[in-house]
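1. How does the following fold in three dimensions:
(chains A, B and C)
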Amino acid sequence: MRENANEPFVRNAWYIAAWPEELEDGVLARTIMGEPLVIFRDADGKAAALEDRCCHRGAPLSQGWIGDKGITCGYHGLVFDGSGACVEIPGQDKIPAQTRVDAYPVVERQKIIWIWMGDAGAADETKIVDYPYHDQPEKWPHKKATFTIGANYMMMMDNLMDLSHLAYVHRKTIGGSPDAHAAAENSVTETETGCVYERWMMNSPPPPTYVKAVGFEGQIDRWHHFEYLAPSTVIQNNGAIDAGKGARENRDQPGLQFQIIHHATPETETSFHYFFSLANGYRQDEPEATEQLFTESYPTFLEDKVILEAQQANIDRRPDRELIAIQDDRAVFAARRAIKKMIEAEGAAKAAAE
Amino acid sequence: MRENANEPFVRNAWYIAAWPEELEDGVLARTIMGEPLVIFRDADGKAAALEDRCCHRGAPLSQGWIGDKGITCGYHGLVFDGSGACVEIPGQDKIPAQTRVDAYPVVERQKIIWIWMGDAGAADETKIVDYPYHDQPEKWPHKKATFTIGANYMMMMDNLMDLSHLAYVHRKTIGGSPDAHAAAENSVTETETGCVYERWMMNSPPPPTYVKAVGFEGQIDRWHHFEYLAPSTVIQNNGAIDAGKGARENRDQPGLQFQIIHHATPETETSFHYFFSLANGYRQDEPEATEQLFTESYPTFLEDKVILEAQQANIDRRPDRELIAIQDDRAVFAARRAIKKMIEAEGAAKAAAE
Amino acid sequence: MRENANEPFVRNAWYIAAWPEELEDGVLARTIMGEPLVIFRDADGKAAALEDRCCHRGAPLSQGWIGDKGITCGYHGLVFDGSGACVEIPGQDKIPAQTRVDAYPVVERQKIIWIWMGDAGAADETKIVDYPYHDQPEKWPHKKATFTIGANYMMMMDNLMDLSHLAYVHRKTIGGSPDAHAAAENSVTETETGCVYERWMMNSPPPPTYVKAVGFEGQIDRWHHFEYLAPSTVIQNNGAIDAGKGARENRDQPGLQFQIIHHATPETETSFHYFFSLANGYRQDEPEATEQLFTESYPTFLEDKVILEAQQANIDRRPDRELIAIQDDRAVFAARRAIKKMIEAEGAAKAAAE
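-> Next up, the predicted model:
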């Protein structure tokens, strides 16, 4: 596997299509895996995703609006329901069966709208990533956002699987000193669905943001826990408690903990929608704690955007150039192996079906 | 004929190159059918169109200026007359005959500058669309404009041939209710040069703009009359008189009438210059009536621009996807048949000549 | 040689990579001959040019910073010295030999940073253009600048070898009347390394800028002297002394003289970095004289940029169209012959080596 090449997309998997908040104002136009989609709630409030193209004259449905029966095309008024079927043609009584647009399976669960871009018959809801924290707002108050990054989605997975970038990309924000990072203990464990990357900084000084958040007074035992769930999800748990209190055995002691779900939904081969939701597991009844975590983290994600886009542009310019691995790339390669397995399985299933 | 494909251009036809007003400030650069042209008035005031490329070093003539003998190249000063012949080379006495640029037949008539992009020998001035209204400013005071739309020019003809879009594209401006449109009587008549699309809304309430324009007090008989003249012109006559006064037999009764010439000159396969001129056939001695008609109409043409460009972008993305016709597409298909006939005739003539 | 085609680049030659002033703030990203480079001073202060792409994950080194040992990648902290060798990998003791990026020969001389984009073994420093004036700031105080022009670099050489453009491109600035230019005596002499284009305007009225600069009171003998040094340099000496004082025999008499080095380093096939440095050989101890010469010249170079970019766009649109030479093109063709000789020699050497 050449890690600088763009691999085929894993289509038979659930990806985040949108945060529910994004549908509050009506219709959302979003391209996923090269397909322009319109995402909206149908007459029953159920989230739906259709190709963003009226079958009559090709106008984007996303320039239309939601009516009683579904989404109305803004050119000539044809109406489609969430299944893609045309339910109204102005001035015409009969609606031929072929008057329809493509629809994609969509499931809304745990305040996330998931989409399946592959074989609809294989869309198995049990494979949706479990993220119970959104359903526990008292314990895990949270705030979500999304933006688009001009790089292959796997570049983001690489980035999250390699914390050595913290001291460089984020040196002016959350980075900390290179030495502190070099002294950390890292472990990478391959799992059935991806891998777990864990890093412990034992008996270390608390970073200023941690002190500000929960008021540590001495040294701390600090962890980063990243779980990669192929193809596109990383669930991150960061935290710290006072040093020497047995953090490795029990993280749920008084201290600091936060939770992030990162998700990269391919827009094209060289861009993705980056979804993230940050939950603070401390000072849960202070909305400003949630706000502060979000406000401090958001700019660091933009720092990643800058470097990933520059990296992708360089790779596009010379896709033939080999990249050279370093020791810190262990988790990156574990993640790459997990996705390679999915791509191969999908290829084999497709070949068998033909 | 696949209506989502870009057909070959009809070259042996007259297209609007410019409004005369556009040459008032000198030199106009405009691309027509993929050819960058410079349009200007020569030393005698005659409108001319040359390729926008000096034959010496390739600089655009449109960056030059008009002098005594013709258009002067802004790089090294070569001068060309309206026939494309070089009439001056600085520092050089003899001008070789091949020192010239391509010229296109141009005719100025009825305050319109027409151009012929095809075989110059076949440029027959009797085929220029007749638009006498520009020569009757007392009866038909008018105002012109042009802008470029990023879609194949036939998309505009489709748009004009299908009034069912009014209730959707223009629902916030001139649209009116879908029901009123659905109740209209539509007729489509194929003609030798295109087709006529007529719509009558008998005994209907006057729209607010009509009341504002001429003060109707009761119900009206209202018509839209569209004549498509292949390949690129639509002449529109709209109007209304008090209901029951015999509008079908005689439209020239006291009431409201306005006249529009719409013209779409291909710039590229996926863009065109949209020319329009609006004439008010009422309150002719009040310049503000002309201004009001123009000011109310202009934004609605921009609404068409938005939808056409979105439509074209979608079609470019998936040119293989079929479109599905609906009942309201009758006039669209009549117009498409007319242009298909021209394209075939041009192909046959070309084949015969070879 | 088709002068509207883009010829292969001459790679075995020295080009200006940067003015030293451009490295004062650290790291410079610049594409030369299609290669994105990072140009910087290494730990010893020596100018260096590397490919702008870390060999680890492809991030641009120009987004990094200069440290004690060299340039640090802003993604994961790898450090490279000026030879392209990796000298540090965070968290890793051993550095494999292949961990390196491409480096290009760079020489800093006479306040110019030169780069060699061809076969490094053939990089002969004696072939660097001699420009002693930068080392004589008391006699030739000067000011430098650079900007990028969207045209093949040879278009700029053409432009400088053809002064007939002055009266047109620069008619509103330094142009002077077409008649004065037409009356000038021009001579073109081919040399071993290019050609010399000289123009004398004897017993002519001084242009206003000359009077302003040094206060001429009567007629002057005025010269333009352009030396083209293939592939990319033009050294210009302009001046004037009072008429009848023997300017042709001795230019170094009291009067006005200025010196310009023009250099066009290819960025891509259709763009180049235009470097220029202007030196005033009069009123040398008045910094405002240098500033005035620069301020008057800079906008005229922008006029060239406008016309060259328009010319290139036209040529790109129709690369098949022939251009037609005129009498004033003598020096242009002499320069084209000189570069053609270099291209052929490079091709022959390459063929022999294979």
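2. Just list whatever residues bridge to the most centrally placed residue in chain A.
-> The centroid of chain A falls nearest to residue A:263 when counting by CA atoms, centre = their mean (1.0 Å). Residue A:263 forms beta bridges with residue A:233, residue A:275, as assigned by DSSP bridges.
3. Got the confidence number for it?
-> Here the pLDDT value assigned to residue A:263 is 98.
4. where does chain A dip in pLDDT?
-> For chain A, the stretches flagged by pLDDT under 70 are A:1-6, A:175-182.
5. Quick one: list the elements packing against the longest helix along it.
-> Taking DSSP state H as the criterion, chain A has its longest helix at helix A:287-317. Packing partners of helix A:287-317 (3 or more CB pairs under 8 Å, 6 or more residues apart in numbering or on different chains; DSSP states H and E): strand A:142-149, helix A:153-160, helix A:166-169, helix A:208-214, strand A:271-280. For the C-beta atoms, the positions are set from N, CA and C on the backbone; glycine is no exception.
6. Format those as a markdown table; extra columns: mean neighbour count and distance to residue B:164.
-> Formatted as a markdown table, the helices and strands packed on helix A:287-317 follow (neighbours: other CB atoms under 10 Å in any protein chain shown; distance: least, CB to CB, whole Å):
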| stretch | mean neighbour count | distance to residue B:164 |
| --- | --- | --- |
| strand A:142-149 | 18 | 36 |
| helix A:153-160 | 24 | 42 |
| helix A:166-169 | 22 | 54 |
| helix A:208-214 | 15 | 59 |
| strand A:271-280 | 23 | 35 |
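7. To residue A:92, which of these lies closest?
-> strand A:271-280 (37.1 Å; CB to CB).
8. Of all the residues in the stretch 251-354 of chain A, which one is nearest chain B?
-> residue A:268 (11.6 Å; CB to the nearest CB).
9. Tell me if I'm right that that residue and residue A:34 touch.
-> Yes. Counting by CB atoms under 8 Å, residue A:34 is a contact partner of residue A:268 at 5.5 Å.
10. before we move on, back to that, tell me the first helix or strand C-terminal of the longest helix of chain A.
-> Next helix or strand after helix A:287-317 toward the C-terminus (DSSP states H and E): helix A:330-353.
11. and that following helix with helix A:153-160, angle?
-> For helix A:330-353 against helix A:153-160, the angle by axes from the mean of the first three to the mean of the last three CA atoms, to 10 degrees is 150 degrees.
12. Three-state assignment for residue A:118, please.
-> coil (DSSP: H, G, I helix; E, B strand; the rest coil).
13. What is the burial count for it?
-> Using other CB atoms under 10 Å in any protein chain shown, residue A:118 has 19 neighbouring residues.
14. That one is in contact with residue A:13, isn't it?
-> Yes. Contact criterion CB under 8 Å: residue A:118 and residue A:13 qualify, at 7.0 Å.
15. Please determine how far the residue nearest to the centre of chain A is located from chain C.
-> 21 Å (CB to the nearest CB, to the nearest Å).
16. Report how many residues lie close to residue A:286.
-> For residue A:286, using other CB under 10 Å, the count is 12.
17. And it, its phi and psi?
-> phi -110, psi 100 (degrees, to the nearest 10).
18. Chain neighbours aside, what residue packs nearest to residue A:227?
-> Distance criterion CB to CB, 6 or more residues apart in numbering or on different chains; nearest residue to residue A:227, sequence neighbours excluded, is residue A:235 at 4.7 Å.
19. Run through the residues that contact the nearest residue to residue A:297 once chain neighbours are set aside.
-> Residue nearest to residue A:297 in three dimensions, not counting chain neighbours: residue A:278, with 5.7 Å by CB to CB, 6+ apart. If you count contacts by CB atoms under 8 Å, 6 or more residues apart in numbering or on different chains, residue A:278 has them with A:142, A:143, A:144, A:258, A:259, A:260, A:290, A:293, A:294, A:297.
20. 10 Å instead?
-> Counting by CB atoms under 10 Å, 6 or more residues apart in numbering or on different chains, residue A:278 makes contact with A:140-145, A:236, A:258-262, A:290, A:293-298, A:301.
21. Brilliant, that's me finished.
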